[in-house]
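A.B. asks: Curious how this folds, go ahead:
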Amino acid sequence: MKKQELIKILKKRASASYAISEDYEGQNEKMAYGLKKEAWTLQSVIHMLEDKKLYEEMKSIWLKEGK
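C.D. replies: Numbering: from 1, shown residues only. Predicted coordinates:
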């Protein structure tokens, strides 16, 4: 799978999660928040795939936390 294909799939998934979260608002706030959190996480991954500098910065942060 090419990087651009992965980004396209992740964008669709993030959009779907966010759209579904709106359906749960007012009925099941825990589910709505969980779906929004998933969309935000996917969007962060997308940003990292699109921006090599951001990827390197996040990688260094994560590797420091693991020590």
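
A.B. asks: Is there a neighbour count for residue 35? I'd like the number.
C.D. replies: Here the count is done by other C-beta atoms under 10 Å, and residue 35 has 21 residues near it. In this view, the C-beta of every residue, glycine as well, is placed from N, C-alpha and C.

A.B. asks: For it, list the residues it contacts.
C.D. replies: Taking C-beta atoms under 8 Å, 6 or more residues apart in numbering as the criterion, residue 35 is in contact with 17, 18, 20, 21, 24.

A.B. asks: quick one, helices of this protein?
C.D. replies: Assignment of helices within the chain using DSSP state H yields the ranges 3-24, 29-50, 52-65.

A.B. asks: Comparing these by mean pLDDT, which bottoms out?
C.D. replies: If you rank the helices of the chain by mean pLDDT, helix 52-65 sits at the bottom with a mean of 88.

A.B. asks: How about the contacts made by the residue nearest to residue 3 when sequence neighbours are not counted?
C.D. replies: Spatial nearest neighbour of residue 3, chain neighbours left out: residue 49 (6.2 Å); criterion: C-beta to C-beta, 6 or more residues apart in numbering. Counting by C-beta under 8 Å, 6+ apart, residue 49 touches 3, 6, 7, 10, 55.

A.B. asks: what about the second one, neighbour count?
C.D. replies: So that's residue 6. With other C-beta under 10 Å as criterion, residue 6 counts 13.

A.B. asks: Which residue, other than its chain neighbours, is closest to it?
C.D. replies: residue 49 (6.8 Å).
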